[in-house]
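Participant: Fold the stuff below for me.
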Amino acid sequence: MIKNIKIGFLTPYSSIYPEMTPSLISGFYSAIPEKYHSVFQIIPEYIGQGGDKIIIEAANKLLHFHQVDILAGFVSYKVLPSIIPHIESRQKVGFFFDAGEYIPYTHHISDNVFFNSFQMWQSQFALGDWAHKQFGDKGTVITPIYDSGYHLQSAFRQGAVMAGASELDFHVLNYKPEGSQVKGQIQELFQQLKKEKPSFIHALFCGNEALEFYDEFCKSGLNKQIPLIVSAHMASDEILKQVSNLDLKFYSASMWNYHSKEQANLQFKQKVNQFAGQKPDFYTLLGYETGLLFEKLIPDFQKRDWPEIKKRLKTETIEGPRGKRSFFLNSEYATPLIDIEKIGFHANTVTKIVIEQGIAMQYNHETYERIHKENVSGWLNPYMCV
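Facilitator: As a prediction, the model looks like this:
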């Protein structure tokens, strides 16, 4: 009897995306022919909000007690150095997922560790580049302290700088341990911006704070007076559906269009519906792309040929709903296709129009190091929107 491949999955908690792990696993199995589903056994392990201590304990339990072959799950790049020695000492494979709040490391991490990232920071870089070219100096970035602790705002700034920006204001809202981080303080900032008249406003909020920002922005009198540019999360279907009653117009960037008529995307939605009967989100997409990759390696998995598996994971690519993807961090790591979108509302209906193709940053660019050095936060949780 062929021994199945055990995948230990580090599973965090998120109140905004409680289905992140089930969605990813659904996407994974949707991509693999049913006759091969039994090749893989997924063993979840809860990691709370994903700090060093709890992840190391969970990783060791999966590696030593459950004796998994692959350690996978949602892990922050800032926690990776703590668990890589445990993976390498047992000659296992690590395969991790992230939304892309941080950019990857600029240096080699491990020959045993692979990634599938949604690369949200790339959309921020593209927005910064586009915003300066479209509206010029000097723009304003608004973010609460939580969202400012990732690489997203740095990526936006570097995109604007590379496009020629010389001035860009940042406003980080004061932290309030209780109550809203937006209401009660942002109207004063909006009144200031009315006088300063920046060339654009870039908002970077997540979860309920994104909804509150939109509401307060409409009340401020700045709506449609100063161009508003929002992060990819703020332009997600889940968020836009909740603010479709507002008379808003703004811009954002997308790296995957759910409504795309491309064959790869239509096939993705069909397979997910057939397997799970659910509408896919970007977590489902990450799992599906990984399933496409693992399907290619099934003969090697069945032989448990780990040297060959590691070798192929470094070089294999797939063509999925968001184009070409690769999974090993080096200078050839595939950059995403980015659409700059104009978004508006009419009669509670959301309208998205692609107006331009955004520019992604190559993975061997010197700006990488600058962004890493700009970020000094200790945020360890492996996702936004807690």
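Participant: Dead centre of this structure: give me the residue that sits there.
Facilitator: Centroid-nearest residue in the chain, with C-alpha atoms, centre = their mean: A99, separated by 2.0 Å.
Participant: count of neighbours near the residue nearest to that one when sequence neighbours are not counted?
Facilitator: In space, and not counting its chain neighbours, A99 is closest to F118: 4.8 Å by C-beta to C-beta, 6 or more residues apart in numbering. All C-beta spots, glycine's among them, are computed from the backbone N, C-alpha and C. For F118, the neighbour count with other C-beta atoms under 10 Å is 22.
Participant: Could you do A163 as well?
Facilitator: 16.
Participant: Quick check on it: phi, psi?
Facilitator: Backbone geometry at A163, expressed as degrees, to the nearest 10, gives phi -80, psi -10.
Participant: Thought D147 was touching Y175, still the case?
Facilitator: No: using C-beta atoms under 8 Å as the test, Y175 is too far from D147 to be in contact (11.6 Å).
Participant: out of those two, which sits in the busier spot?
Facilitator: D147 (26 against 9).
Participant: which residues sit in contact with that one?
Facilitator: 153, 204-206, 384 (C-beta atoms under 8 Å, 6 or more residues apart in numbering).
Participant: Name the nearest of these relative to D300.
Facilitator: M384 (34.8 Å; C-beta to C-beta).
Participant: where does the closest one land on pLDDT?
Facilitator: Note for M384: predicted pLDDT of 52.
Participant: One more: W379?
Facilitator: So W379 comes in at 66 (pLDDT).
Participant: Not counting sequence-adjacent ones, nearest residue to D137?
Facilitator: In space, D137 is closest to E167, 4.8 Å off (C-beta to C-beta, 6+ apart).
Participant: My read is that that neighbour contacts G136, right?
Facilitator: No: contact status for E167 versus G136: not in contact, 9.8 Å apart, counting by C-beta under 8 Å.
Participant: any low-confidence regions in the stretch 151-300 of the chain?
Facilitator: The stretch 151-300 of the chain contains no residues with pLDDT under 70.
Participant: so is E238 in a helix, a strand, or just coil?
Facilitator: Under DSSP: H, G, I helix; E, B strand; the rest coil, E238 falls in the helix class.
Participant: so what's it up against?
Facilitator: D281.
Participant: do the one 4 residues further on as well
Facilitator: With contacts taken as C-beta under 8 Å, 6+ apart, Q242 has the following neighbours: L211.
Participant: For it, give its distance to E212.
Facilitator: 11 Å (C-beta to C-beta, to the nearest Å).
Participant: Over to Q67?
Facilitator: Q67 sits 47 Å away from E212, going by C-beta to C-beta.
Participant: Correct me if wrong: W306 contacts V93.
Facilitator: Yes: shown here, W306 and V93 form a contact pair, counting by C-beta under 8 Å, at 7.2 Å.
Participant: what is in contact with those two at once?
Facilitator: Shared contacts of W306 and V93, defined by C-beta under 8 Å, 6+ apart, are found at D69.
Participant: out of the two, which sits in the busier spot?
Facilitator: V93 (21 against 16).
Participant: Would you mind naming the residues that bridge with that one?
Facilitator: I70 (DSSP bridges).
Participant: before we move on, back to that, quick one, which of Q67 and E212 is more surrounded?
Facilitator: Between Q67 and E212, counting by other C-beta under 10 Å, E212 is the more crowded of the two (16 against 12).
Participant: was I right about the more buried one contacting S180?
Facilitator: Yes: applying C-beta under 8 Å as the test, E212 and S180 come out as touching, 5.9 Å apart.
Participant: can you count the residues close to A59?
Facilitator: 26.
Participant: quick one: contacts for it?
Facilitator: So A59 contacts 8, 10, 71, 83, 86-87 (C-beta under 8 Å, 6+ apart).
Participant: try it again with 6 Å
Facilitator: Going by C-beta atoms under 6 Å, 6 or more residues apart in numbering, A59 touches 71, 83, 86.
Participant: What of F28?
Facilitator: 287, 290-291.
Participant: at 7 Å what do you get?
Facilitator: 287-288, 290-291 (C-beta atoms under 7 Å, 6 or more residues apart in numbering).
Participant: Could you tell me what pLDDT the model assigned to it?
Facilitator: Predicted confidence (pLDDT) for F28: 98.
Participant: what do you get for D129?
Facilitator: Reported pLDDT for D129: 97.
Participant: repeat for I32
Facilitator: Model confidence at I32, expressed as pLDDT, equals 98.
Participant: Now for it: which residues touch it?
Facilitator: I32 neighbours (C-beta under 7 Å, 6+ apart): 291, 294-295.
Participant: So which of those belong to helices?
Facilitator: Among the contacts of I32, the members falling in helices (DSSP state H) are 291, 294-295.
Participant: Let me know whether L329 touches P104 as I believe.
Facilitator: Yes: shown here, L329 and P104 form a contact pair, counting by C-beta atoms under 7 Å, at 4.9 Å.
Participant: Tell me which stretches of this protein form helices.
Facilitator: Ranges of helices in the chain, per DSSP H, are 20-31, 52-60, 80-89, 120-135, 152-162, 186-196, 208-220, 237-242, 263-276, 282-296, 298-303, 306-315, 367-374.
Participant: Which one of the ones you listed lies nearest to P336?
Facilitator: helix 120-135 (5.4 Å).
Participant: re earlier: next, give me the two most distant ones among the contacts of F28.
Facilitator: Y288 and T290 (7.3 Å).
Participant: ok so, going back, any idea which of the contacts of F28 is closest to S110?
Facilitator: T290 (18.0 Å).
Participant: who's in contact with that closest one?
Facilitator: T290 makes contact with 28, 116 under the criterion C-beta under 7 Å, 6+ apart.
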